[in-house]
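Chemist: next input, structure requested:
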Amino acid sequence: MKDEQAGTAQEHYEGAKKQSKQKRSSKQTSESATAKTADILIALSARCEELFHAPDGTGYAIVPITGHVETWPVRSRGFRRWLAREYYNESKSAPNSDALQAALNVIEAKAHFDGRERVVYIRVGSHADRLYLDLGDARWRAVEIAADGWRIVDRAPIPFRRPAGMLALPEPVRGGKIDELRPFVNIEEKDENSFVLMVSFVLAALRERGPYPVFCLSGEHGAAKSTFAAVLRKLIDPNSAPLRALPREDRDLFIAAYNAHMLAFDNISKLPDWISDTLCRLSTGGGFATRQLYTDLDEQLFDAMRPVVLNGIEGVVVRPDLADRSLFFTLKNIAENKRKAELKFWREFDAKHPHILGALLDGVAHGLRELPNVELATAPRMADFALWATACEGAFWNAGTFAAAYRQNRDDALGAVIEADLVATAVQTFMATRPDLEQEQQQQKLALDPRAADRTVWTGTAAALLGALKMAVTEQVMKQRDWPSTPRALSGRLRRAAATLRRVGIEVTFERDTHTKKRSRDITLKFASEPSTRPNDQEINGLRSDGSSELPSDRPSDDRPGDLDVGR
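Modeler: Predicted structure coming up:
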């Protein structure tokens, strides 16, 4: 019995040993086949026209496809498909996933260490003194825009990438008129300033670099806000998802900016402070860093500057720093008898789109030609945008038209920004209605600087000012969440509102108290003789090479196409 059991155990051992040997042999054969497949895939990558890397280290490949070339990240689905296809054409079999992954690791390393560094653009790029607009078509053509005009080229000298959702632009047509855009945007015929600023925004978006203003649409239900935003997006950067909801965190917003040239956010009820700050960074340039997945030390960086469109029933931009970077448009409701079915509306837009795009390209070419000759007498916050818009305006309007429209838009928005800021409103009320200084000292016991004898000046600590402002507002205002509850909070709010208050003639300054041993800062509120004309706060004037700075009257109105007939 024991001999039989021993024999059975020996047989099991020998069988397991043989099976293990066969598995090792099979695994070695499989690994050898995988290595061979990976080597073939790496060799096939030599068919790429170029392997290179972007400034952020991402590897790219320029691959030939049926008469044209395409640019794909090495890790993208597009390049994997191309490489798998090349392998199948060579071997009539499919590469296994392990071999494909191993090959991609080597190809990416070659792109990073052996390839040159190149900037990769999305939709709009530049090279030398020319701009390039990716048409997004199957042949990967682009429009080359120079100072002497524009033309369609089969291949741009710079690489473009095409994220998911990007759609093709129509082939632009020469001879188009910018007024052909009017029937598709809900801007009143008499509101020439808004039309000028809208076109200026689109012209700015046709450059590869900003700063870009934030385009803010507001209006009641049925004012075609969403349609307006979709038209702006489709004009130069059509996408399968043109309008989106606001992201919930910074990372998502920068990822959206990484994958599109223009962003349009729909039906916004309120802008949280954090997203207002992020939109400021997107407007004038900024980045976002986060930990890379599956790593402890590596960071993933997103750096972008993008034109952004916002729309909502109420004016959602209320923080002064974002308002300084924004253009504001209030749309009126469209009468029911003037509405159109969406299908008909977009069919008519698509028919005019090539002509409108051609007219915009004419404006960009004009801007490239005039930009070296343009100066600004005083520069606003968005000085680069104002400079570019001034250079382009001669293609459509008289000199000075943009400056007048931009100044008016900023002045109109100022009141709304102040009304939305409880502290700025309280300071305005306090400075306009304050009683006699002596009575104020007795009633409120404010520690006033004795040097502040002028009725147009108030000086004191943040604590004293907080007490004074409480006397100037109602109890309901003080109970609101946005009302500062501490002197420190008030100081912060005053610093944020200082530029806005300066534009209405109230200077806010902070100075260390040198007359006492207290470690406190005095806040001085002072009426200026007139509203500020500092470059970052007030009006601009376009100057031509001849030094002329007078703003001519607006161009006489022409016959306009019909009103916008669609609402969403």
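Chemist: surely residue 505 is in contact with residue 528?
Modeler: Yes - with contact defined as C-beta atoms under 8 Å, residue 505 counts as touching residue 528 (4.8 Å). For every residue, glycine as well, the C-beta is placed using N, CA and C.
Chemist: ok, residue 369 touching residue 149?
Modeler: No - at 9.4 Å, residue 369 does not count as touching residue 149 under the criterion of C-beta under 8 Å.
Chemist: and residue 165, how many neighbours?
Modeler: Using other C-beta atoms under 10 Å, residue 165 has 12 neighbouring residues.
Chemist: how close does the residue lying closest to it once chain neighbours are set aside get to residue 209?
Modeler: Nearest residue to residue 165, sequence neighbours excluded (C-beta to C-beta, 6 or more residues apart in numbering): residue 240, at 4.5 Å. As for residue 240, its distance to residue 209 is 26 Å (criterion: C-beta to C-beta, to the nearest Å).
Chemist: more neighbours, these two?
Modeler: Neighbour comparison, residue 240 and residue 209: the larger count goes to residue 209, with 13 against 8 (by other C-beta under 10 Å).
Chemist: how far away is the more buried one from residue 307?
Modeler: 11 Å.
Chemist: any low-confidence regions in the stretch 351-500 of the chain?
Modeler: 433-455 (pLDDT under 70).
Chemist: identify the bridge partners of residue 62.
Modeler: Note on residue 62: beta-bridge partners by DSSP bridges are residue 50, residue 71.
Chemist: hmm, it is touching residue 69, no?
Modeler: Yes - judged on C-beta under 8 Å, residue 62 makes contact with residue 69 at a distance of 5.3 Å.
Chemist: overlap of the contact sets of these two?
Modeler: Common contacts of residue 62 and residue 69 (C-beta atoms under 8 Å, 6 or more residues apart in numbering): residue 49.
Chemist: show the backbone phi and psi for the spatially closest residue to residue 109 that is not a sequence neighbour.
Modeler: In this structure, residue 109 finds its nearest non-sequential neighbour in residue 59, 7.9 Å apart by C-beta to C-beta, 6+ apart. Dihedral pair for residue 59: phi -80, psi 140, per degrees, to the nearest 10.
Chemist: show me where pLDDT drops low in this protein?
Modeler: Within the chain, the stretches with pLDDT under 70 are 1-35, 286-303, 433-455, 513-520, 529-568.
Chemist: host element of residue 52?
Modeler: Residue 52 is part of strand 50-53, with elements assigned from DSSP states H and E.
Chemist: residues contacting that strand, please?
Modeler: 45, 59-62, 74, 107, 110-112, 114-118, 159.
Chemist: now a PyMOL select for only the buried ones of these.
Modeler: Here is the PyMOL command that selects only those of the contacts of strand 50-53 that count as buried (16 or more other C-beta atoms under 10 Å):
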select buried, resi 45+59+60+61+74+107+110+111+112+115+118+159
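Chemist: what's the most distant pair in the contacts of strand 50-53?
Modeler: For the contacts of strand 50-53, the farthest-apart pair by C-beta to C-beta is 45 and 117; their separation is 18.8 Å.
Chemist: quick revisit: residue 369 and residue 149: which is more packed in?
Modeler: Taking other C-beta under 10 Å, residue 369 and residue 149 do not tie; residue 369 has more neighbours (17 against 14).
Chemist: according to the record, where do the domains of this structure fall?
Modeler: With automatic domain parsing as the criterion, the domains of the chain are listed as 35-113, 178-361, 418-527.
Chemist: please identify the most buried of those.
Modeler: domain 178-361 (a mean of 19; mean count of other C-beta atoms under 10 Å).
Chemist: would you work out how far apart the start and end of that one are?
Modeler: 10 Å (C-alpha to C-alpha, to the nearest Å).
Chemist: from residue 169, how far off is residue 360?
Modeler: Between residue 360 and residue 169 the computed distance is 11 Å (C-beta to C-beta).
Chemist: which residues do those two both contact?
Modeler: By C-beta under 8 Å, 6+ apart, residue 360 and residue 169 have these common neighbours: residue 236.
Chemist: host element of the residue nearest the centre of the chain?
Modeler: Nearest to the centroid of the C-alpha atoms of the chain, with distances taken as C-alpha atoms, centre = their mean, sits residue 306, at 2.6 Å. For residue 306, there is no helix or strand it lies in under DSSP H and E.
Chemist: residue 258 is in contact with that one, correct?
Modeler: No - with contact defined as C-beta under 8 Å, residue 306 does not count as touching residue 258 (9.2 Å).
Chemist: remind me what the helix or strand that contains residue 470 packs against, helices and strands.
Modeler: Per DSSP H and E: residue 470 is located in helix 462-472. Packing partners of helix 462-472 (3 or more C-beta pairs under 8 Å, 6 or more residues apart in numbering; DSSP states H and E): helix 422-433, helix 437-444, strand 457-460, helix 487-503, strand 521-527.
Chemist: go through those and name the closest to residue 96.
Modeler: Nearest of the helices and strands packed on helix 462-472 (C-beta to C-beta): helix 487-503, 58.7 Å.
Chemist: tell me the helix or strand right after the closest one.
Modeler: Proceeding N to C from helix 487-503, the next assigned helix or strand is strand 506-512, under DSSP H and E.
Chemist: rewinding a little: and of the domains of the chain, who's closest to residue 128?
Modeler: Nearest to residue 128, of the domains of the chain and by C-beta to C-beta, is domain 178-361 at 12.4 Å.
Chemist: and residue 264, that's in a helix?
Modeler: No - using DSSP: H, G, I helix; E, B strand; the rest coil, the secondary structure at residue 264 is strand, not a helix.
Chemist: what's the nearest residue to it if we skip its chain neighbours?
Modeler: Closest to residue 264 by C-beta to C-beta, 6+ apart is residue 309, at 4.1 Å.
Chemist: now whichever strand or helix holds that neighbour - C-alpha only, CSV.
Modeler: For residue 309, the element it lies in under DSSP H and E is strand 308-312. Presented in CSV, the C-alpha positions along strand 308-312 are these (Å, rounded to 0.1, in the frame of the first residue of the first chain):
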residue,chain,number,x,y,z
VAL,A,308,-13.6,82.1,-23.4
VAL,A,309,-17.4,82.7,-23.9
LEU,A,310,-19.8,82.8,-20.9
ASN,A,311,-23.5,83.1,-21.0
GLY,A,312,-26.2,83.3,-18.4
